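K.L.:
from the sequence below, what's the structure:
(4 chains)
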Protein chains: 2
Amino acid sequence: MPTDGNTYTISELSREFGITTRTIRHYEEIGLFTPERRGQTRIFSNADRTKLKLILRGKRLGLTLPESRDIINMYEPGKNNTQQLLTTIDTINQQRQRLQRQLQDLKKMMADLDRAENGCRAELEANRKLRDKQTR
Amino acid sequence: MPTDGNTYTISELSREFGITTRTIRHYEEIGLFTPERRGQTRIFSNADRTKLKLILRGKRLGLTLPESRDIINMYEPGKNNTQQLLTTIDTINQQRQRLQRQLQDLKKMMADLDRAENGCRAELEANRKLRDKQTR
DNA sequence: GCACAAGTTGAAGTTAACGTTAACGTAAGC
DNA sequence: GCTTACGTTAACGTTAACTTCAACTTGTGC
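P.N.:
Residues are numbered from 1 along each chain as shown, chains lettered A, B, ... in the order given. This is a model prediction of the structure:
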């Protein structure tokens, strides 16, 4: 295992992020990264690890894998072409809007949860009083 | 169409929320709501409409349909049993934690997007200067 | 009374994101 | 030299959430 501090095996990453090796290979299959090989064994770099992190975060935010891949590729070099830079900025703004709406949804749901919990606590209190009465 | 202001047809709801009627029927199939019937035609109440709204919001936040169903059922009556109230509060807190983490993810991704956009703008500026030089 | 729009059910097909299984190579430790 | 642990590929299976399709009924206008 090449634990030189800068590379990782597939099982190291799977353990660290709580996913299966199959999942990581699947991510490679659909082109989320292309780790180096020693023979046919994969060797993951810090960059690969960061990508994995971004993918999982994207997943928690409801992104599809291709969407995550697009975002990841934004951070890559080789997009010095002016036109590409402009479309990248466009993509960024679309994602931003998406997150804005998600933030609104999140706030609303938080409020709903608060209300629901208060309702529950009120009912619990009512039940308690009822029991008190019966016990007395 | 019973547009008495309090009920909706399936196509009214599908139009309002931009989903197909088949999708709505699918939600019924898996028990997200049980609209009344006039004959075999579904008649949706305001409560049904609200549930639909919650489901779609849940979807945007990455919930599965069963998860959304659980949350929806929390707002329902008939859970005056103390034990049920306690488990409901537990569910609420789990969802709250989930949302908290999602909020963190969201903030991080926002920051990433900002950084990425700044990077792009800087490169664009560099390209502009280069063009200026060549033009001169 | 007949077309036509809008409703229905049931079943099969689709897509994304893996899971599962088989069949095999490699390196370490005893 | 045998086990054990970890790695590989290839191919098929599974689940969720729908979509598509076919065949049918029901209510409305003319």
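K.L.:
contacts for stretch A:126-136 next, please.
P.N.:
B:80, B:82, B:85 (C-beta atoms under 8 Å, 6 or more residues apart in numbering or on different chains). The C-beta positions use only the backbone N, C-alpha and C, and glycine is treated the same way.
K.L.:
could you rerun that using 6 Å?
P.N.:
With contacts defined as C-beta atoms under 6 Å, 6 or more residues apart in numbering or on different chains, stretch A:126-136 is touched by B:Thr82.
K.L.:
give the pairing partners of whichever strand in chain A runs longest; include direction for each.
P.N.:
Longest strand in chain A, counting residues (DSSP state E): strand A:41-45. Sheet pairing of strand A:41-45 (DSSP bridges) gives strand A:7-8 (antiparallel), strand A:36-38 (antiparallel).
K.L.:
residue contacts, the residue of chain A found nearest DNA strand D?
P.N.:
Taking C-beta to the nearest atom of the strand as the measure, chain A has A:Ser11 as its residue closest to DNA strand D, at 2.9 Å. A:Ser11 makes contacts with A:Thr21, as judged by C-beta under 6 Å, 6+ apart.
K.L.:
okay, and it sits in which element?
P.N.:
In this structure, A:Ser11 sits in helix A:10-17 according to DSSP states H and E.
K.L.:
next secondary structure element downstream of that helix?
P.N.:
Next along from helix A:10-17, by DSSP H and E: helix A:21-29.
K.L.:
show residues contacting that following helix.
P.N.:
A:10-11, A:14.
K.L.:
report whether that helix contacts DNA strand C.
P.N.:
Yes. Using C-beta under 7 Å from any atom of the strand, we find that helix A:21-29 touches DNA strand C at A:22-23, A:26-27.
K.L.:
of those, which is the most crowded?
P.N.:
Using other C-beta atoms under 10 Å in any protein chain shown as the neighbour test, those are led by A:Tyr27, with 20 neighbours.
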